[in-house]
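Undergrad: model the structure of this input:
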Amino acid sequence: MNRKIFWVAVLLTGLLVLVGCKSDGGDTAKIIGEVNGDKINQAEFDQHYKILKMTYEQQVLGMGELDEKKDQEVIEKLEKQTFENIVIQKILWQEAKEQNIKISDSEVEKNLGSGYKEFLEEIGLEEKHFRQQIKTELLYQKLYDKVTAKTKVSDEEAQKYYEENISKYSEEGGIQIAHILVETEKEARDILAELNNGADFADLARQHSNCPSKEQGGDLGVVNESHNFVPEFKEAALKLQPGELTKEPVKTEHGYHLIKAGEKKEARSKSFEEVKNSVIIDLETEKKDKVFGDYLNNLYEKAEIKDLR
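TA: Numbering: from 1, shown residues only. Prediction:
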């Protein structure tokens, strides 16, 4: 079996969960595996599998349900993933103990969020398992921080990364666009009259617009054909010349828009100095993920794992 595990992806995408459902009965105390002598019982496996299955049904099947006969291949993959996830979780906790990393109850409390009890009741999960999941995520982060604490990025490394990924730090060309969005045509025409009489566009956007962009005076940034705006809006916006305002309100499914164009901007690559801090953060994250992934994979390779199913 290929034991190479994409640790970080598994842990951070929520596949490693230790929240559980009430047991359906059966031999839940049966031991079905071991990780360095730490036993995995049937109840633990069943709880984890139910959550993994629920996640798959929600994300892939759109709330549909797996058919035990037709979807046997998928079910087998989920069962395999369930066992692997529990193995990873146990290795994580074992290593945290070795490193004397602990999570207090107060830390868990701070991360529970509001309304979680109603959520747990709705989907039939026990609170103790939910709290354990929160603790696992916090423990993972502490171990990650400790293992990667000395991982740094030099200016030379950042410069090289920038040159190899320059497209990541490029600005698309287009035209600066701002708009005011209101519910009715009458309201739009009243505002248009004010604009034609010399009123400030940004001021009126802050006063009247229903779009979150009102906080920036209606500014939507640089717009071009690649942007995902509704067709009526994008077509009207891209017809405008710098400084021009739409002569009539533009109706879309969102309401009525008054659109104003700013300056045209050519596509360009930002200089290293402009994006240096972002480059360092991106590369440092990439390096830390690799360091921690290699670290955990090494623990996995050395672990004594028994699958007794």
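Undergrad: and after the top helix by length along the chain, which helix or strand comes next?
TA: Longest helix in the chain, counting residues (DSSP state H): helix 272-302. Remark: after helix 272-302, the chain's next helix or strand is strand 305-307, criterion DSSP states H and E.
Undergrad: mind listing the strands for this structure?
TA: 31-35, 38-41, 170-171, 174-182, 219-223, 250-252, 255-265, 268-269, 305-307 (DSSP state E).
Undergrad: do you know which of those lies nearest residue 135?
TA: strand 38-41 (16.4 Å; C-beta to C-beta). Yep, even glycine has a C-beta here, placed from its N, CA and C like the rest.
Undergrad: what segments of the stretch 51-200 of the chain are helices?
TA: Ranges of helices within the stretch 51-200 of the chain are 72-98, 105-110, 116-123, 127-147, 155-164, 185-196, based on DSSP state H, counting those that start in this stretch.
Undergrad: so for residue 4, what's the pLDDT?
TA: Looking at residue 4, its pLDDT is 33.
Undergrad: for residue 9, same thing?
TA: Reading off the model, residue 9 has pLDDT 33.
Undergrad: follow-up on the earlier one: so which of the helices of the stretch 51-200 of the chain comes closest to residue 266?
TA: helix 155-164 (20.3 Å).
Undergrad: helices and strands around the closest one, which ones?
TA: helix 272-302 (3 or more C-beta pairs under 8 Å, 6 or more residues apart in numbering; DSSP states H and E).
Undergrad: between the helix it packs on and helix 155-164, how many degrees?
TA: 100 degrees (axes from the mean of the first three to the mean of the last three C-alpha atoms, to 10 degrees).
Undergrad: can we start the residue count at 57 from this point?
TA: Noted, 57 is the first residue going forward, which turns the last one into helix 328-358.
Undergrad: need the winner for burial among the strands of the chain.
TA: Across these, averaging neighbours per residue (mean count of other C-beta atoms under 10 Å) puts strand 230-238 on top, at a mean of 22.
Undergrad: just checking: what are the partner strands of it?
TA: When pairing is defined by DSSP bridges, strand 230-238 lines up against strand 275-279 (antiparallel), strand 311-321 (antiparallel).
Undergrad: what is the rounded mean pLDDT of it?
TA: So the average pLDDT for strand 230-238 ends up being 97.
Undergrad: C-alpha coordinates for it, CSV please?
TA: The C-alpha coordinates for strand 230-238 follow below in CSV (Å, rounded to 0.1, in the frame of the first residue of the first chain):
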residue,chain,number,x,y,z
GLY,A,230,-9.6,47.1,-18.1
ILE,A,231,-11.4,50.2,-17.1
GLN,A,232,-12.2,51.5,-13.6
ILE,A,233,-15.9,51.2,-12.9
ALA,A,234,-18.1,52.6,-10.2
HIS,A,235,-21.9,52.2,-9.8
ILE,A,236,-24.9,53.1,-7.7
LEU,A,237,-27.5,50.4,-7.3
VAL,A,238,-31.1,51.2,-6.2
